[in-house]
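> what shape does this take:
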Amino acid sequence: MQPVTQQFLHRLSVQTRGQSLTDISREITAALSTHGAGDGLVTVFIRHTSASLTIQENADPDVRTDLLSAFDRMAPEDAPYVHTLEGPDDMPAHIKTALTDTSIAIPVERGRMVLGTWQGVYLFEHRARPHRREIVLHFIGGSKEP
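Numbering: from 1, shown residues only. Model (predicted):
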C-alpha cells in the first residue's frame, strides 16, 4: 500500500424516482478517477434519514425487487406509528434506514473500488415520491501513479 498522499471530499447529487435501489457505483468510480485516487479507502455517506446505502447484487434485478418487498413487509406504511407528520411513508423510511447503513467504507485499489464480481453500491430510497439525495465521498490514500 502506498503512503497516504491525498484525501478529498466529493459530493454526488442523485435524483431518485421514489422507492427504489439506484446503482451509484459508476458515479463513485468516476469521482475516484477525477481526483486521481490510487490505493486507499473511500467512505460513502448519505446525508438523509429516510434513505440509505447498501452493497448488493448488481446482476439480477429481481434481487432489488425482492429487497423492496421484504423491507415493505418489515416496516409497513399502515402500522400505527406516532410520527406521521410527513406522511405515511416517512416513519417506515426511518425504520428502513435504521436497518441498513448511512455510510459504507470500501477499499480502493489502483483507483477502483474493491467490490465482488456481482456487487454494486446502491442508494436505497425509502420514500414513495422522488427525492434529490446528497452523497458525500471521502477518499484517503495514495494518488494514482503516472
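> middle-most residue in the chain, spatially?
When C-alpha atoms, centre = their mean is applied to the chain, the residue found nearest the centroid is Leu53 (3.0 Å).
> which ones are touching that residue?
44-46, 100-104, 121-124, 135 (C-beta atoms under 8 Å, 6 or more residues apart in numbering). All C-beta spots, glycine's among them, are computed from the backbone N, C-alpha and C.
> and Thr65, how many neighbours?
12 (other C-beta atoms under 10 Å).
> just Ser52 next, same as before
23.
> picking that back up, in strands, which of the contacts of Leu53 fall?
Val44, Phe45, Ile46, Ser103, Ile104, Val121, Tyr122, Leu123, Phe124, Ile135 (DSSP state E).
> give me the pLDDT for Lys144.
On pLDDT, Lys144 comes in at 84.
> quick one: contacts for it?
Lys144 is in contact with Gly36, Ala37, Gly38, Arg110, Gly111, counting by C-beta under 8 Å, 6+ apart.
> and the third one, that one's in a strand?
Translated: Gly38. Yes. Under DSSP: H, G, I helix; E, B strand; the rest coil, Gly38 sits within a strand.
> turn the contacts of Leu53 into TSV, including neighbour count, pLDDT and distance to Ile28.
Putting the contacts of Leu53 into TSV (neighbours: other C-beta atoms under 10 Å; pLDDT from 0 to 100; distance: C-beta to C-beta, whole Å) gives the following:
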residue	neighbour count	pLDDT	distance to Ile28
Val44	25	98	6
Phe45	16	98	12
Ile46	24	98	12
Thr100	17	96	17
Asp101	16	96	15
Thr102	15	97	16
Ser103	13	98	13
Ile104	18	98	10
Val121	24	98	6
Tyr122	23	98	11
Leu123	24	98	11
Phe124	26	98	15
Ile135	23	98	8
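> as CSV, those residues with distance to Met91 would be great.
Putting these into CSV (distance: C-beta to C-beta, whole Å) gives the following:
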residue, distance to Met91
Val44, 25
Phe45, 23
Ile46, 18
Thr100, 15
Asp101, 19
Thr102, 17
Ser103, 22
Ile104, 24
Val121, 26
Tyr122, 22
Leu123, 20
Phe124, 16
Ile135, 23
